[in-house]
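Engineer: need a 3D model of the following:
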Amino acid sequence: MTEAATRRKDRWTLALTLVVAASFAVVYAVDEPALWLGWAVLAAAVSGSAMVLLNRETPQEP
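Structural biologist: Residues are numbered from 1 along each chain as shown. Got it, this is the predicted structure:
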């Protein structure tokens, strides 16, 4: 993996971390059970999708 690709992935990881932390703070402040459930489902879906996309390697031609 090139250093540029590593830096790009690091920036995406940082952005995802900041978005999750900010959304967590909002949900914590509102403190509604339905909002907590929605946040948990969306956080898991977004994080899982990001892991799949960022860790996918391009196939090598034989």
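Engineer: list the buried ones in the lengthiest helix in the chain?
Structural biologist: Ranked by residue count, the top helix of the chain under DSSP state H comes out as helix 3-30. Across helix 3-30, burial judged by 16 or more other CB atoms under 10 Å covers Leu16, Val20, Val27. The way it works is simple: take the backbone N, C-alpha and C, and place the C-beta from them, glycine included.
Engineer: need the pLDDT of Thr13.
Structural biologist: Predicted confidence (pLDDT) for Thr13: 88.
Engineer: about what we covered before: which elements pack onto the longest helix of the chain?
Structural biologist: helix 33-54 (3 or more CB pairs under 8 Å, 6 or more residues apart in numbering; DSSP states H and E).
Engineer: out of the buried residues of helix 3-30, who's nearest Asn55?
Structural biologist: Using CB to CB, Leu16 comes nearest to Asn55 of these, at 12.9 Å.
Engineer: list the contacts of Ala34.
Structural biologist: Contacts for Ala34 (CB atoms under 8 Å, 6 or more residues apart in numbering) come out as none.
Engineer: now it: how far from Val41?
Structural biologist: 11 Å (CB to CB, to the nearest Å).
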